[in-house]
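>>> Predicted model and sequence follow; I will ask about them next.
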Amino acid sequence: MTEATQPALTIDALGKKCPIPIIMLAEQINHIPLNAVVAVLADDPAAFTDVPAWCRLKSHRHVGSYELPQGGWAIHVRRNY
Amino acid sequence: MAYFDAASTEPLHPQAREALLAAIDVGWADPARLYGQARRAHLLLEQARTEVAEALGARPDEVSFTSSGTQAVHLGVLGTIQGRRRVGRHLVTSAVEHSSVLHAAALHERDGGTVETVGVDLMGRVDLAAFTEAVARPDTALACLQTANHEVGTLQPVAEAAAACRRNGVPLLVDAAQTAGRMPVPPGWSVLTASAHKWGGPPGVGVLAVRKGTRFRSFVPEDERERRRVPGFENVPGIVAAAAALRAMAAEASRERSRLSALVDKIRETVPKVVPDVEVIGDPVERAPHIVTFSCLYVDGEALLAELDKAGFAVSSGSSCTASTLRPSHVLEAMGVLTHGNVRVSLPRGASAAEVDRFLAVLPELVSRIRHDAGVS
């Protein structure tokens, strides 16, 4: 259960096409405390691949991607620095 | 205009053009008939078959010509499965095969067969251990693996995969579309497919080679053409031109390969230095000589392609906004790399260092402008 942290911030990028969800994430991750989690809600299939790839490139941590009942995912990212 | 989309199609080789024009005049008759013009067409067809076979490491009687690389894959995949139906109905492929392989696999699945799709690493190389394990399943009818990936250029471990298949008595279909004419065909295939327009031949000619001893039964209606593997009247002029292009490309291949590969190295090294937040994708060393792919963070791939087009560069992209399906490329997805802001540069024969330098000179400004317009600082 250590990974399943309640998000400190939720970014609603539903209906937005990549790269917009990634741009929103990059802008807003610094608004949360270190080690806190931001949830990106997105339904563009590209976001499912691109958010974890962004985490790898930017040395943040992709915690997990959880399917939303209405379609799309809540993609959780932990701020590492 | 600098044409950097050879992985989609290589411009017609001048020798292929010459051969095509000549063969339209003398090779138009039905090669299956018995009069003079027909014998002439037959002779041209069989000469072309011998040349193509030799260049690809096959015997002439193993080679059939199709109307495209895609058709060669469809006929090859489904015909080999059909020929092995007593063994089983299981198909193994990698996750990054060309869509023609995946479409044939999907049809096989709808028809009640089973498919295992083996994943790839961050470089786009198939997981060889998983592939080896997958082909050991006793009801495996066929395995498929490309020589090099069409989007990122990474070479696949075909010889090792072929050895694993051989140990299990499983035929391996090798899709050589991206490397035929540019690199030697790796050994060990049972079925080989390729596409002439990717090596500077004309469109409308594919190659399906079936190794002697490989069970094969066409899944479409048969006629007497092309060893009963490909129905319909052969495109003799196109096939003659395809053979001429392959001969010309193969003659230049070793020199042109290292020249283009050095230009690709230059792009791979320079892009991350001049463009911030960019990921160069695929294996830097074990790769096709002419392909390089990178993704620019926070950039809309369609916008970048349009800007590059305006600046005089023809390139392609695996980003979802550039695909009719609105899904990102299955290759980039399977690799787990950035799919947006993606650009594939694939250099044709003769691509100049000056064009590559100009590309590297204009790219940073274009990326920066698109980012600025999107509000990214």
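On my side now, so go ahead.

>>> Can you tell me the number of residues neighbouring B:A95?
Look at B:A95: counted by other Cβ atoms under 10 Å in any protein chain shown, it has 17 neighbours. Where you see a C-beta, it was placed from the backbone N, CA and C, and this is true even at glycine.

>>> Leaving out chain neighbours, which residue sits closest to it?
Once flanking residues are discounted, B:A95 sits nearest to B:A334: 3.8 Å by Cβ to Cβ, 6 or more residues apart in numbering or on different chains.

>>> how about the one you found, what does it touch?
By Cβ atoms under 8 Å, 6 or more residues apart in numbering or on different chains, B:A334 lies in contact with B:A95, B:V96, B:G119, B:V120, B:G124.

>>> For the fourth one, give me the pLDDT.
It stands for B:V120. Looking at B:V120, its pLDDT is 98.

>>> swap in the second one?
Turning to B:V96, the model gives it a pLDDT of 98.

>>> ok, now B:C321?
On pLDDT, B:C321 comes in at 72.

>>> Just say helix, strand or coil for it.
helix (DSSP: H, G, I helix; E, B strand; the rest coil).

>>> Which residues are in contact with it?
By Cβ under 8 Å, 6+ apart, B:C321 lies in contact with A:K17, A:C18, B:D300, B:G301, B:E302, B:H340.

>>> mind checking how far it is from B:S68?
In this view, B:C321 and B:S68 are 27 Å apart by Cβ to Cβ, to the nearest Å.

>>> Over to B:I267?
Look at B:I267 and B:S68: by Cβ to Cβ, they are 29 Å apart.

>>> more crowded one of the two?
Neighbour count, other Cβ under 10 Å: between B:I267 and B:S68, B:I267 has more, with 20 against 17.

>>> check which helix or strand covers that one.
Assigned by DSSP states H and E, B:I267 belongs to helix B:236-274.

>>> what does the stretch 201-350 of chain B have sitting close to chain A?
B:277, B:279, B:297-300, B:319-321, B:326-328, B:332-333, B:336-341 (Cβ under 8 Å from any Cβ of the partner chain).

>>> Please narrow these to those residing in helices.
Among those, the residues falling in helices (DSSP state H) are B:L332, B:E333.

>>> Quick check on the residues of the stretch 201-350 of chain B next to chain A: which are buried?
Neighbour counting with 16 or more other Cβ atoms under 10 Å in any protein chain shown marks B:277, B:279, B:297-300, B:319-321, B:328, B:332-333, B:336-341 as buried within these.

>>> Quick test: name the residue nearest the centre of chain A.
Residue closest to the average C-alpha location in chain A (Cα atoms, centre = their mean): A:V40, at 3.6 Å.

>>> List phi and psi for B:R287.
phi -150, psi 160 (degrees, to the nearest 10).

>>> Chain B: strands as residue ranges?
Assigned by DSSP state E, the strands in chain B fall at B:2-3, B:63-66, B:90-94, B:114-118, B:140-146, B:172-175, B:191-195, B:206-210, B:278-281, B:291-296, B:313-314, B:342-346.

>>> Give the residue spans of the stretch 201-350 of chain B that score low on pLDDT.
Low-confidence segments of the stretch 201-350 of chain B (pLDDT under 70): B:322, B:324.

>>> Which positions in chain A make contact with chain B?
Within chain A, the positions near chain B by Cβ under 8 Å from any Cβ are A:17-20, A:22-23, A:26, A:44-46, A:48-50, A:52-54, A:56-57.

>>> In the longest helix along chain A, which residues are buried?
As assigned by DSSP H, the longest helix anywhere in chain A is helix A:45-58. Residues A:P45, A:A46, A:A47, A:F48, A:T49, A:D50, A:V51, A:P52, A:A53, A:W54, A:C55, A:K58 are the ones in helix A:45-58 that count as buried (16+ other Cβ under 10 Å).

>>> what angle separates it from strand B:291-296?
Here helix A:45-58 points in a direction 90 degrees away from that of strand B:291-296 (axes from the mean of the first three to the mean of the last three Cα atoms, to 10 degrees).

>>> Show residues contacting the helix or strand following helix A:45-58.
Counting by DSSP H and E, the next helix or strand C-terminal to helix A:45-58 is strand A:61-67. Under the contact criterion Cβ under 8 Å, 6+ apart, strand A:61-67 has outside partners A:3, A:5, A:37, A:48, A:51-52, A:55-56, A:73-78, A:80.

>>> can we see that at 10 Å?
If you take Cβ atoms under 10 Å, 6 or more residues apart in numbering or on different chains as the criterion, strand A:61-67 is touched by A:3-5, A:7, A:35, A:37-40, A:42, A:47-49, A:51-56, A:72-80, B:336.

>>> again with stretch B:367-377
Residues from elsewhere that reach stretch B:367-377, judged by Cβ under 10 Å, 6+ apart: A:19-20, A:22-23, A:26-27, B:271, B:274-278, B:296-301, B:303-304, B:306-308, B:341, B:343.

>>> Are any of the residues you listed buried, and if so which?
Counted by 16+ other Cβ under 10 Å, those give A:19-20, A:22-23, A:26, B:271, B:275, B:277-278, B:296-301, B:303-304, B:307-308, B:341, B:343 as buried.

>>> sorry, back to before: look at the residue nearest to the centre of chain A and tell me its secondary structure.
Three-state call for A:V40 (three-state DSSP): strand.

>>> So it sits against A:I23, correct?
No - taking contacts as Cβ atoms under 10 Å, A:V40 lies outside contact range of A:I23: 11.0 Å.
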